[in-house]
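Visitor: Fold the following and give me the result.
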Amino acid sequence: MNKKTVYMRIVIFSLITLLLGSFHFLKEAPKEVAQEELEIYDFKVTDLKGEIFDFATLKGKKIMIVNTASKCGLTPQYKGLQTLYETYQNNDFVIVGFPSNDFLFQEPGTSQEIASFCKTNYGVSFPMMEKIKVRGRKKHPVYKYLTEEEKNGWKSSKVKWNFQKYLISTTGKLEKICSPSTKPNSPEIIAWIEE
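Guide: Now for the predicted structure:
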């Protein structure tokens with residue numbers, strides 16, 4: 001066997017050994033890194049005016065997040081939400097609305113149209129964000145947090161319809177979910193705010 005053949009065999013053997021070692025490393029590597037739990041304060045969103053809304057500014061407050069729509073049978077809940085906000089806004093409570101067109105296309109409007117509708121018909125003064133997806137593949141990151149246990153550290157859920165309410169503690173953790181049919185002035189919501 002000449003020197004060239006010996007050299008080629010050594011190179012090939014070395015490459016095979018390197019590749020097998022790499023394969024073993026990949027095989028033994030953990031498949032997934034555990035996701036860190038989030039807080040609502042980790043999110044920044046865009047409001048109806050096109051301005052950035054930073055949830056970190058709400059630290060220490062109880063927060064109700066609700067997906068809204070202008071052409072829904074539950075749309076009159078805007079009135080109850082506004083009354084609730086006016087009653088408790090000075091007691092470290094805030095409502096954040098997220099318009100969504102996910103249910104029977106009941107929120108077709110632009111940001112300007114939604115803002116006008118809310119103000120004109122219900123006098124809404126609580127923070128309203130731009131229209132987003134609250135379910136499906138394009139679900140907004142805030143709603144991924146609200147609906148996925150591995151992100152919120154508490155519970156997985158599905159948004160069943162417009163006006164589902166997610167209640168966040170003063171420490172930024174999700175702690176209660178109220179169905180779309182639960183009225184804003186229901187005893188369970190009032191008790192949660194006042195406790």
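
Visitor: Show me where this protein dips below the pLDDT cut-off.
Guide: In the predicted model, the chain carries pLDDT under 70 at residues 1-36.

Visitor: Helices of that one, start to end?
Guide: 3-28, 77-88, 111-122, 141-147, 149-152, 187-194 (DSSP state H).

Visitor: Can you tell me what sits against the shortest one?
Guide: For helix 149-152, the surrounding residues in contact (Cβ atoms under 8 Å, 6 or more residues apart in numbering) are 35, 37-38, 144-146, 155-156, 173-174. Every residue, glycine included, has its C-beta placed from N, CA and C.

Visitor: Likewise for the third one?
Guide: Residues outside helix 111-122 that contact it (Cβ under 8 Å, 6+ apart): 48-50, 70, 78-79, 81-82, 97, 99, 107, 109, 124, 128, 130-131.

Visitor: redo that, cut-off 7 Å
Guide: With contact meaning Cβ atoms under 7 Å, 6 or more residues apart in numbering, helix 111-122 is reached by 48, 70, 78-79, 82, 99, 109, 124, 128, 130-131.

Visitor: Same question for the last one.
Guide: The contact list for helix 187-194, computed with Cβ under 7 Å, 6+ apart, reads 62, 88, 93, 167, 176, 178, 182.

Visitor: Redo these as JSON lines? Include neighbour count and distance to E194.
Guide: Below are the contacts of helix 187-194 laid out as JSON lines (neighbours: other Cβ atoms under 10 Å; distance: Cβ to Cβ, whole Å):
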{"residue": "K62", "neighbour count": "21", "distance to E194": "10"}
{"residue": "Y88", "neighbour count": "19", "distance to E194": "8"}
{"residue": "F93", "neighbour count": "20", "distance to E194": "9"}
{"residue": "L167", "neighbour count": "18", "distance to E194": "13"}
{"residue": "K176", "neighbour count": "16", "distance to E194": "13"}
{"residue": "C178", "neighbour count": "19", "distance to E194": "15"}
{"residue": "T182", "neighbour count": "15", "distance to E194": "16"}
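
Visitor: Please flag which of these sit within strands.
Guide: 62, 93, 167, 176, 178 (DSSP state E).

Visitor: what sits against the third one?
Guide: What that stands for is L167. Here L167 is in contact with 64, 175-176, 178, 192 (Cβ under 7 Å, 6+ apart).

Visitor: Provide a list of residues in contact with the residue positioned nearest the centre of the chain.
Guide: Geometric centre of the chain, nearest residue: V142, 1.7 Å, by Cα atoms, centre = their mean. By Cβ under 7 Å, 6+ apart, V142 lies in contact with 43, 45.

Visitor: Tell me the spacing between it and T120.
Guide: Using Cβ to Cβ, to the nearest Å, one gets 26 Å for the distance from V142 to T120.
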